[in-house]
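sequence first, then the predicted structure:
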Amino acid sequence: MSLQFVRAFTAPGASVSFLIDGEEATAQPGDTILAAVLAAGKSLRLSDTGDGHRAGFCLMGACHDCMVQLADGRRLRACSTAVEPGMNVLTRQPGAIPTGAEPLAGENT
């Protein structure tokens, strides 16, 4: 499976450094967590009920499908929360990945 995410424009300013599962990543100024994770070729999480990758549903903060946890324990909506420098977004929680689920190409497990 491959994700398709295409930026319509590049925001001016210095990129924002953050972490996805402890791995270095960068975001454009003003990127939401969702946009930054997708731009990095990752998904927010695997489905709770199957082996599908999840990347948000409504994209306006109403459905809670894009909820992520940060390494500091905070839970946030990825579609409406801007990336902050040093933020560590967790896409995998211990025991949260269904048995037999396959990571995206290039993802570490």
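Alright, I've got the coordinates.

state the number of residues packed around C58.
Residues near C58, counting by other Cβ atoms under 10 Å, number 12. From N, CA and C alone the C-beta is placed, and that goes for glycine too.

which parts of the chain are strands?
Using DSSP state E, the strands of the chain run over 16-20, 23-27, 45-46, 53-54, 67-70, 75-77, 88-90.

just the helices from the chain, written as ranges.
Taking DSSP state H to define them, one finds helices in the chain at 33-39.

if we can go back for a sec, may I see the strands of the chain arranged in TSV, with distance to R7 as well?
Formatted as TSV, these follow (distance: least, Cβ to Cβ, whole Å):
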stretch	distance to R7
strand 16-20	15
strand 23-27	11
strand 45-46	22
strand 53-54	20
strand 67-70	21
strand 75-77	21
strand 88-90	19
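
reformat those strands as CSV; add mean neighbour count, mean pLDDT and distance to L34.
Below are those laid out as CSV (neighbours: other Cβ atoms under 10 Å; pLDDT from 0 to 100; distance: least, Cβ to Cβ, whole Å):
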stretch, mean neighbour count, mean pLDDT, distance to L34
strand 16-20, 18, 95, 12
strand 23-27, 16, 95, 11
strand 45-46, 21, 64, 11
strand 53-54, 18, 66, 11
strand 67-70, 18, 88, 9
strand 75-77, 15, 90, 8
strand 88-90, 20, 92, 10
